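In: coordinates only, no sequence provided:
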């Protein structure tokens, strides 16, 4: 059943052309397919689609994330492309130069995680994570 199914994320967009430009110019991603009202992207270990929606993106939680091997290099590269990272100073979550040190993780993932967040052109909150393995 579902445990054997492929998981894919869906992100809403008010302006599909604007979203396509953001994902191409800022993230270096191109859709592998398109249809009326939608774009489909494939990454190494998953896929996501952006679809036209009249709904409002909450932007209050991470809607999609990527796990990377080197978060500093990824943040640096994305900043060079014009991506603006969120800065947080909250109890239990603060960032330094856009990157947070997060204590705890799932045992198979390591002892912690380093994370960074940014918004796409449509207001979706996206994250980058790097597991900390001790």
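Out: Received it, and whenever you're ready, just let me know what you need. Bear in mind the structure is a predicted one, so any value in this text is a computation, not a measurement.

In: how about stretch 80-87: buried residues?
Out: 83, 85 (16 or more other Cβ atoms under 10 Å). All C-beta spots, glycine's among them, are computed from the backbone N, C-alpha and C.

In: for it, which outside residues touch it?
Out: 25-28, 75, 78-79, 95, 98, 116-119, 125 (Cβ atoms under 8 Å, 6 or more residues apart in numbering).

In: mind checking what helix or strand follows the host helix or strand of residue 77 in sequence?
Out: Assigned by DSSP states H and E, residue 77 belongs to helix 71-80. Where DSSP H and E defines the elements, the next helix or strand beyond helix 71-80 is strand 89-90.

In: what's the following helix or strand after that next one?
Out: Past strand 89-90, the next helix or strand by DSSP H and E is strand 93-96.

In: and which of the contacts of stretch 80-87 is nearest to residue 105?
Out: residue 116 (15.7 Å; Cβ to Cβ).

In: and the gap between residue 123 and residue 21?
Out: 15 Å (Cβ to Cβ, to the nearest Å).

In: who's more crowded, these two?
Out: residue 123 (15 against 12; other Cβ atoms under 10 Å).

In: good, wrapping up.
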